[in-house]
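In: curious how this folds, go ahead:
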Amino acid sequence: MAGSAAGTHSLADFRRALDTGDLDDVEQALRGLARPPVVDLDALAARLDSAAQREALEALRRARWAGGSGSAARTALRAAFANGPAWRARADAPPSPLPPLYPGQGSG
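Out: Below is the predicted model of the structure:
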């Protein structure tokens, strides 16, 4: 399959899982949207910048393990991820050792 930096699922896969899969399929598709894919919902939530998307993940978690509504979780996920995941900027990227190409014009 794809290398470790590539995701294993597309947004279309996620939408298909929401429409026809069980909640395990939905979680797997969500985790596979990350590049590289993540191992659990906690790791996925840590990468998301959107509070609404993190809240939708909590609805999924409640539906799967705490007696929450699967229908409500699907609705929340569908709304929160309508335009795809909103990823946080990578804070772990090392600063460039090169000076800016065009000083005084921002960082790009």
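
In: what's the straight distance from one end of stretch 17-37 to the other?
Out: In stretch 17-37, first residue to last residue: 17 Å (CA to CA, to the nearest Å).

In: which parts of the longest helix seen in the chain are buried?
Out: In the chain, assigned by DSSP state H, the helix with the most residues is helix 51-65. Buried positions in helix 51-65, judged by neighbour count with 16 or more other CB atoms under 10 Å: 53-54, 56-57, 59-61, 63-64. Quick note: C-beta positions are derived from backbone N, CA and C, even for glycine.

In: what packs against that helix?
Out: helix 23-33, helix 41-47, helix 70-80 (3 or more CB pairs under 8 Å, 6 or more residues apart in numbering; DSSP states H and E).

In: for the last one, buried residues please.
Out: Taking 16+ other CB under 10 Å as the neighbour-count basis, helix 70-80 is seen to contain the buried residues 73-74, 76-77, 80.

In: by how many degrees do it and helix 51-65 diverge?
Out: Angle between the axes of helix 70-80 and helix 51-65 is 160 degrees (criterion: axes from the mean of the first three to the mean of the last three CA atoms, to 10 degrees).

In: ok, and what's touching helix 70-80?
Out: 15, 18, 23, 26, 30, 50, 52-53, 55-57, 59-60, 62-63 (CB atoms under 8 Å, 6 or more residues apart in numbering).

In: which two in those are spaced the farthest apart?
Out: 15 and 62 (21.3 Å; CB to CB).

In: circling back to that earlier point, out of the buried residues of helix 51-65, which is nearest to residue 104?
Out: Residue 104 lies nearest to residue 53 out of the buried residues of helix 51-65, by CB to CB, at 35.7 Å.

In: quick one: contacts for that closest one?
Out: 80-81, 85-86.

In: helix/strand/coil for the most centrally placed residue in the chain?
Out: In the chain, the residue lying closest to the centroid (CA atoms, centre = their mean) is residue 85, at 4.8 Å. Taking DSSP: H, G, I helix; E, B strand; the rest coil as the rule, one finds residue 85 in the coil state.
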